[in-house]
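Participant: dropping the sequence and predicted coords here.
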Amino acid sequence: MVGVLVLAAAAGAVAGFLLLRLWMVLHPREAEPRKSLSILVVAGSGGHTTEILRLLGSLSAAYSPRHYVMADTDEMSAHKISSFEQDRADRDPSHMCAKYYIHRIPRSREVQQSWLSAAFTTLRSMWLSFPLVHRVKPDLVCKAITRDRE
């Protein structure tokens, strides 16, 4: 009897959630025009940061603030991003107010780390990145493309 009640409660909760979601989709809020869009950029190591910065160089100043996320041990990407943002500000002084932020999270896997311990460090990185994404609430998330090495 208790099992049936629990199953009915779970089915009711799922049905309620689906109805709420359907209502939200069918009755969207009025979109307010925005002057800027927040972007969250996941910077990788090595050449991946260069690739993503090349892409960001073609974006207008409307994509501001820019939030960069990188591993806490990745100093090279931090330097490349700071140089990119400084060059961007030097080229167009009218957009000096365009903001950018660098956020650090623990690296999910170090080179030559065992696969068993990598599962735990990856979970830790994910656990710490969720509050960051919730706080930033980006309009766009962008990650560098990775290529298979042959």
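Facilitator: Now that the structure is in, tell me what you want to look at.
Participant: and S38, how many neighbours?
Facilitator: 17 (other Cβ atoms under 10 Å). All C-beta spots, glycine's among them, are computed from the backbone N, C-alpha and C.
Participant: next, the nearest residue to T73 once chain neighbours are set aside: secondary structure please.
Facilitator: For T73, ignoring the flanking residues on the chain, the nearest one in space by Cβ to Cβ, 6 or more residues apart in numbering is R107 at 5.6 Å. Assigned by DSSP: H, G, I helix; E, B strand; the rest coil, the conformation of R107 is coil.
Participant: now do the buried residues in the longest helix anywhere in the chain.
Facilitator: Longest helix in the chain, counting residues (DSSP state H): helix 2-26. For helix 2-26, the buried set under the neighbour-count rule, 16 or more other Cβ atoms under 10 Å, is empty.
Participant: coming back round to it: phi, psi of the residue nearest to T73?
Facilitator: In terms of degrees, to the nearest 10, the main-chain angles of R107 are phi -70, psi 140.
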